[in-house]
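>>> no sequence for this one, just the structure:
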């Protein structure tokens with residue numbers, strides 16, 4: 001895919017060098033929609049169609065509610081996971097998929113939907129709490145968004161390096177603010193990172209943890225206790241360690257009383273068996 005105003009000679013050169021064929025947006029690549037511009041429901045129509053086709057193949061079978069529940073949990077709800085792992089579909093698409101699964105589970109009676117005797121909120125509860133352990137698609141999507149943020153924050157990947165180079169050159173990811181003109185996946189991550197980041201706690205090992213922005217205290221990032229920390233500050237905990245113990249003199253120069261008191265409640269050094 002190239003911009004509409006790209007000269008034909010440039011397109012021919014790209015094809016010759018890369019060996020790629022030219023396609024018109026939108027296209028499907030590795031099971032995920034690729035497109036230029038805003039997100040549209042039609043780009044995800046194949047996702048809904050896969051579920052309805054799978055259901056159509058089971059229509060002639062006499063399945064109990066237990067059998068249907070097994071099919072829902074292990075087959076139907078697994079279909080969109082690959083796409084959701086890469087990008088979050090529109091809410092309308094999730095609603096269409098949910099409706100198709102609802103109709104399959106509860107069934108039809110003379111071309112009318114049968115009565116739904118329980119909500120998915122109840123059905124999604126564990127067995128010992130009165131449910132059947134069926135996950136809600138919305139919850140699956142949210143959990144995969146959390147996983148994306150965790151991978152971005154904790155692992156050194158090409159994908160993560162690209163996002164940092166594009167969006168975090170002037171701010172640490174924790175302090176980065178949502179802005180216009182950014183990719184859809186980055187927008188999802190920025191909108192939800194407040195909830196996700198509070199669940200991440202860092203253990204100290206080599207001291208590569210961010211001194212200011214990673215929550216190694218268990219009480220939020222140390223930057224939240226100070227007013228003079230810039231978002232670009234890349235100070236590591238290792239810089240405050242001398243012989244495996246903390247450098248109190250250096251800490252006293254940088255931290256105000258409130259931040260010093262917070263950091264003093266957490267022993268840190270190079271003896272922790274896990275963490276960064």
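Yep, that arrived. Bear in mind that the values here come from a model prediction, so they are computed numbers and not experimental data.
>>> Please report the distance of the closest residue in space to residue 146 that isn't next to it in sequence from residue 215.
Leaving out its chain neighbours, the residue that sits closest to residue 146 by C-beta to C-beta, 6 or more residues apart in numbering is residue 196, at 5.1 Å. Every C-beta, even on glycine, is put in place using the N, C-alpha and C of the backbone. For residue 196, the distance to residue 215 equals 12 Å [C-beta to C-beta, to the nearest Å].
>>> ok, back up a step: tell me the spacing between the residue nearest to residue 146 and residue 153.
Residue 196 sits 9 Å away from residue 153, going by C-beta to C-beta.
>>> and if you look at residue 22?
For residue 22, the distance to residue 153 (C-beta to C-beta) stands at 37 Å.
>>> for residue 71, same thing?
Residue 71 sits at a distance of 36 Å from residue 153 (criterion: C-beta to C-beta).
>>> Tell me which stretches of the stretch 101-250 of the chain form strands.
Here the stretch 101-250 of the chain has its strands, by DSSP state E, counting those that start in this stretch, at 108-109, 112-113, 241-242, 245-246.
>>> what ranges do the helices span in the protein?
Per DSSP state H, the chain carries helices over the ranges 8-18, 45-56, 65-74, 81-86, 91-106, 120-123, 137-154, 158-167, 184-197, 248-254, 257-264.
>>> closest to residue 210 out of those helices?
helix 137-154 (10.1 Å; C-beta to C-beta).
>>> Tell me how many other residues surround residue 222.
A count of nearby residues for residue 222, using other C-beta atoms under 10 Å, gives 25.
>>> Residue 85 now?
Residue crowding around residue 85 was assessed by other C-beta under 10 Å; the count is 16.
>>> what's the pLDDT at the nearest residue to it once chain neighbours are set aside?
Once flanking residues are discounted, residue 85 sits nearest to residue 144: 5.3 Å by C-beta to C-beta, 6+ apart. Predicted confidence (pLDDT) for residue 144: 91.
>>> Same check on residue 15?
At residue 15, the pLDDT value in this model is 84.
>>> Equivalent analysis for the one 5 residues further on, please.
Predicted confidence (pLDDT) at residue 20: the value is 80.
>>> Excluding sequence neighbours, find me the nearest residue to it.
Of all residues not flanking residue 20 in the chain, residue 14 sits nearest, at 7.0 Å (C-beta to C-beta, 6+ apart).
>>> With residue 33 instead?
residue 43 (4.3 Å).
>>> And residue 22 and residue 153? Which one has more around it.
The neighbour comparison of residue 22 against residue 153 (other C-beta under 10 Å) goes to residue 153, with 17 against 11.
>>> Return the distance of the more buried one relative to residue 209.
11 Å.
>>> same deal with residue 88?
Counting by C-beta to C-beta, the gap from residue 88 to residue 209 is 29 Å.
>>> same check, this time on residue 198
Look at residue 198 and residue 209: by C-beta to C-beta, they are 17 Å apart.
>>> neighbour count winner among those two?
Neighbour tally, residue 198 and residue 209, criterion other C-beta under 10 Å: the higher count belongs to residue 209, 19 against 10.
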